[in-house]
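S.K.: Test case, fold it:
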Amino acid sequence: MPLTFGLALMNDFPPEVVPATRIPLLREQVRAALDCGISSCWVLQHYLGSMPTLQPIPLLSALAQEAPGMTFGTNMFILPLRHPVDVAEEFATLDHLTGGHVIAGFGLGYRENEYASYGIPLDDRVSRFEESIAIIRGLWSGQPVTYAGSHFTIDNERISLVPVQAGGPRIWIGAGPHRTGARRAARLGDAWIVPPHITPEALAVVLGHYRAERERLGLGVSDLVVRRELVLDPDPAR
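M.R.: Below is the predicted model:
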């Protein structure tokens, strides 16, 4: 498979920063990334807390205008905190705004205060996650969806805005570097976003679990997505 590079943009800031002052810099970063041959840009999601955070869907809608043809994605969108119908429609809208260049990176989330503020038990996050992906994929097909789960119920409903990409944006799953996370990503996603701090030795082990699960399910080979963190400075010691 071809080797490509994406750039994770900073969309959460120290408390003293006014994010509006950073919008021009984010736009400049996206343009520079495109000029440098970087193929995608990514933003995270969190709610509440001390770090002002620009939410991903409206932010990517704005940034996509700076780089036609570039792919934009979420790393990660906290899926269990939202209703899947809302998520399906929002990402479909972003797919239209970008001309079909969106990847939906979905994660479970982990902050207890976010779940408590939404009134959702943290213990329900996996089941809500799995039900949501089933509904979202169904809606993105453009066909009527009927689904009765523990958390969500839909009766013969069709999405209002069918995505540009056939079947909808690719879904990349964020999951921990362990057997359970690898298997969940293999089963539910089109790729697994591997966490950044895993060693090459551990990566080989968990990728074995991931690939074995996809083979067992007859899903075939997927993209390999590995995050890495870089610190750039003119002073190598610093």
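
S.K.: Grab the most central residue of this protein for me.
M.R.: residue 105 (1.5 Å; C-alpha atoms, centre = their mean).

S.K.: State whether that residue is indeed within a strand.
M.R.: Yes: with DSSP: H, G, I helix; E, B strand; the rest coil as the criterion, residue 105 is located in a strand.

S.K.: any chance you could map the strands in this structure?
M.R.: With DSSP state E, the ranges of strands along the chain come out as 6-8, 40-43, 71-74, 77-78, 102-107, 145-148, 153-157, 170-174, 191-194, 223-226.

S.K.: partners of the fifth one, with directions?
M.R.: To tie it back to what came earlier, the one meant is strand 102-107. Looking at strand 102-107 with DSSP bridges, its partner strands are strand 71-74 (parallel), strand 77-78 (parallel), strand 170-174 (parallel).

S.K.: With the first one instead?
M.R.: For strand 6-8, the paired strands and their directions (DSSP bridges) are strand 40-43 (parallel).

S.K.: and residue 9, what is it in contact with?
M.R.: The contact partners of residue 9, by C-beta atoms under 8 Å, 6 or more residues apart in numbering, come to 26, 29, 30, 41, 42, 43, 63. Where C-beta positions appear, they are placed from N, C-alpha and C, glycine not excepted.

S.K.: In JSON lines, list those residues along with neighbour count.
M.R.: Converted to JSON lines, the contacts of residue 9 look like this (neighbours: other C-beta atoms under 10 Å):
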{"residue": "26", "neighbour count": "20"}
{"residue": "29", "neighbour count": "19"}
{"residue": "30", "neighbour count": "23"}
{"residue": "41", "neighbour count": "24"}
{"residue": "42", "neighbour count": "22"}
{"residue": "43", "neighbour count": "25"}
{"residue": "63", "neighbour count": "23"}
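
S.K.: low pLDDT regions in the chain?
M.R.: Across the chain, residues meeting the criterion (pLDDT under 70) sit at 1.

S.K.: The same query, at a cut-off of 90, please.
M.R.: The model of the chain has pLDDT under 90 over residues 1-2, 197, 220-221, 223-224, 226, 229-233, 236-238.

S.K.: quick one: the helices in it?
M.R.: In the chain, the helices defined using DSSP state H lie at 23-35, 56-63, 84-97, 112-118, 125-140, 179-188, 200-216.

S.K.: Next one: residue 129 from residue 141, what distance?
M.R.: Per C-beta to C-beta, to the nearest Å, residue 129 is found 19 Å from residue 141.

S.K.: out of the two, which sits in the busier spot?
M.R.: Neighbour count, other C-beta atoms under 10 Å: between residue 129 and residue 141, residue 129 has more, with 23 against 16.

S.K.: who are the neighbours in contact with the more buried one?
M.R.: Counting by C-beta under 8 Å, 6+ apart, residue 129 has contacts 79, 80, 106, 108, 188.
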